[in-house]
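Colleague: Give me the fold of what follows.
(one chain, ligands or ions: 1)
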Amino acid sequence: MRAAVFPGKYMQGRNALDLLGQEISRLGSRAYLLVDSFVDQMMGQSLIERASEDANTQKSIFGGECCDLEIERVVHEAEGCDVIIGAGGGKTLDTAKIAANHLGARCMIIPTLASTDAPCSSSAVVYTGEGIFLRYEYFNQNPDVVLVDSNVIAEAPVRFLISGMGDALSTWFEAESCARKNAPNRAGYPATLSGLALARLCYDTVLTYGELAKFACEQKVVTPALEHVIEANIFLSGAGFENGGLASAHAIHDGLTILKPSHSFYHGEKVAFSTLASLFLTGKDDAIIQTMYAFYRKVGLPTTLADLNLDQVERSELFKAAQAACIPEETIHNESVPVDPEAVLAALLAADAAGRADF
Ligand SMILES: [Zn+2]
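Modeller: The predicted structure follows:
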């Protein structure tokens, strides 16, 4: 038995937000729009105008953290709405997904950054109010619509796009590990051929177009290369990890979140370095490791602990992060090699050494 899961509809292009009203009215008649405060300043007015074209829409500003308190607030305010829309970064989108699931409402996702694999997925990450990883939440359904306006992504600081590439580059390695072990994906079964192909396409697309996309985003313009990388970061990365499964890179990321000095770094940046560590953990050959370090340096992804502000952290603290990556519930156990905290610490230190040596 094999299985695959996807969002109901994925739409991407310049001025895609012009379709907002039409897409909401396909899903329901009363909508709740949760929007990042920064996004609200940039385009809140035009979002609510478009959203209200065909449906009664109320707007609310995201509190800043996908934590239980914020989830409760949104669920309470959105009672009676049949469409929940999240517009903004990963945490806003996750909060909207959880609220839609609680309320049994349809869910529309409008990523304004291409920085994580979260938008298309049927899961969300809940943090404490202080931003420490708490738990994953899983739903029976992916978002009904994921609407990506490429102009909006191009306007955002390029660091978000680069961070998304870091997240996207983990996808293939984790899917490959899961396939090797016949580990179940988000649908509860090993990956289909199509799931694995999406994960691989994600990797190839980022490596091929990543630097070109970075140039376009720096100029705040949309080019075919940027469109490809937006699709890789948002759709292929999300569908790739849900269908291919997660393994050590995301587990090591979760472990690193307990180290305070790295809190100002994005999910994709920490996943990126964790992916390098995973290459050492799983004993990948020179050529693959070199390809990855070379790409990281070209686009500016972290290759050392110092790049994540973790170079002053005691080895005993790093070991605690390695232990957190190896708790029984973690996806690190989908690796086909034996894994323990000592092995994870060794991989982190080896990855850092290679980064410092400009490997
Ligand atoms: Zn991720």
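
Colleague: what domains does the record give for this protein?
Modeller: For the chain, automatic domain parsing gives the domain ranges 10-154, 157-356.

Colleague: right, so of those domains, which gets closest to Ala3?
Modeller: Closest to Ala3 of the domains of the chain, according to C-beta to C-beta: domain 157-356, at 3.5 Å. Quick note: C-beta positions are derived from backbone N, CA and C, even for glycine.

Colleague: would you list every one of the helices in the stretch 201-350 of the chain?
Modeller: In the stretch 201-350 of the chain, the helices defined using DSSP state H, counting those that start in this stretch lie at 224-230, 237-244, 248-256, 267-281, 286-299, 315-325, 341-356.

Colleague: export the ones you listed to CSV and tack on mean neighbour count and mean pLDDT?
Modeller: Conversion of the helices of the stretch 201-350 of the chain to CSV gives the following (neighbours: other C-beta atoms under 10 Å; pLDDT from 0 to 100):
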stretch, mean neighbour count, mean pLDDT
helix 224-230, 21, 98
helix 237-244, 30, 96
helix 248-256, 29, 96
helix 267-281, 27, 97
helix 286-299, 15, 98
helix 315-325, 18, 98
helix 341-356, 20, 98
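
Colleague: Could you dump those into TSV and include distance to Leu196?
Modeller: Listed next are the helices of the stretch 201-350 of the chain as TSV, based on distance: least, C-beta to C-beta, whole Å:
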stretch	distance to Leu196
helix 224-230	19
helix 237-244	6
helix 248-256	16
helix 267-281	17
helix 286-299	17
helix 315-325	24
helix 341-356	24
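
Colleague: so what strands line up beside the helix or strand of the chain with the lowest mean pLDDT?
Modeller: Within the chain, no helix or strand scores below strand 133-138, which has a mean of 88 by mean pLDDT, DSSP states H and E. Sheet pairing of strand 133-138 (DSSP bridges) gives strand 123-127 (antiparallel).

Colleague: buried stuff in the strand it pairs with?
Modeller: Buried residues in strand 123-127, defined by neighbour count with 16 or more other C-beta atoms under 10 Å: 123-127.

Colleague: cool, and stretch 196-208?
Modeller: Using 16+ other C-beta under 10 Å as the test for burial, stretch 196-208 gives 196-203, 205-207.

Colleague: of these, closest to Pro7?
Modeller: Leu198 (12.4 Å).

Colleague: ok, now which ones touch that closest one?
Modeller: 236, 239-240, 243-244 (C-beta atoms under 8 Å, 6 or more residues apart in numbering).

Colleague: Verify the stated contact: Lys9 with Cys120.
Modeller: No. Taking contacts as C-beta atoms under 8 Å, Lys9 lies outside contact range of Cys120: 10.4 Å.

Colleague: Please say which of the two ends up with more neighbours.
Modeller: Legend: neighbour count by other C-beta atoms under 10 Å for Lys9 and Cys120, higher for Cys120 (25 against 15).

Colleague: quick one: Leu256 and the ion, what's the gap?
Modeller: 13 Å (C-beta to the ion, to the nearest Å).

Colleague: Just give the nearest non-adjacent residue to Gly13, would you?
Modeller: Once flanking residues are discounted, Gly13 sits nearest to Ser150: 5.8 Å by C-beta to C-beta, 6 or more residues apart in numbering.
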